[in-house]
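> Here is a sequence with its predicted model. Questions after.
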Amino acid sequence: MAFFTLSRSDNGSWWFRLIARDGGLLLSSEPFASRELALQGIDEVRIRSVVDAGFLRHHTAVMQHSFTLCSASQGVIGRSPIYASAPEMETAIEHIKQRAHSATVRDANNGAGSH
């Protein structure tokens with residue numbers, strides 16, 4: 001099962017990552033000013049991940065593929081890593097669509113937890 005990790009950086013900002021069952025990175029968030037805002041970002045991923053239009057796909061001339069997941073107002077919620085192929089990227093998007101809504105949250109600052 002996929003899960004979110006919630007972390008606080010040294011500068012005090014909060015961010016999350018969505019991790020696949022195999023440990024691979026699916027999505028990294030933008031920084032948030034507070035833990036509560038980061039948790040709201042996770043909730044937004046759960047909501048927006050079922051809407052294909054929320055995924056903006058990017059393809060470069062050197063055959064690198066990535067995506068951003070955007071809010072309804074088109075703000076960036078999170079970014080993917082770079083994928084070597086479009087099918088690999090599409091597989092990651094499908095994984096998020098199918099699993100983000102039920103992914104638990106692991107708070108890296110206190111060891112565990114859920115939201």
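Alright, I've got the coordinates. Numbering: from 1, shown residues only.
> centroid residue for the protein?
Residue closest to the average C-alpha location in the chain (CA atoms, centre = their mean): Leu27, at 3.0 Å.
> Give me the distance between that residue and Ala61.
From Leu27 over to Ala61 the distance is 24 Å, taken as CB to CB, to the nearest Å. Every C-beta, even on glycine, is put in place using the N, C-alpha and C of the backbone.
> same thing with Pro87?
18 Å.
> How about Thr5?
In terms of CB to CB, Thr5 sits 33 Å off from Ala61.
> Neighbour count: these two, which is higher?
A count of neighbours by other CB atoms under 10 Å puts Thr5 above the other of Thr5 and Ala61, at 16 against 5.
> bridging residues for that one?
Counting by DSSP bridges, Thr5 forms beta bridges with Arg17, Arg106.
> Contacts only, for it.
Thr5 is in contact with Phe16, Arg17, Ile19, Val105, Arg106, Asp107, Ala108, counting by CB atoms under 8 Å, 6 or more residues apart in numbering.
> go on, Leu69?
Leu27, Val45, Arg48, Ser49, Gly54, Phe55, Leu56, Val76, Ile77, Gly78, Arg79, Ile96.
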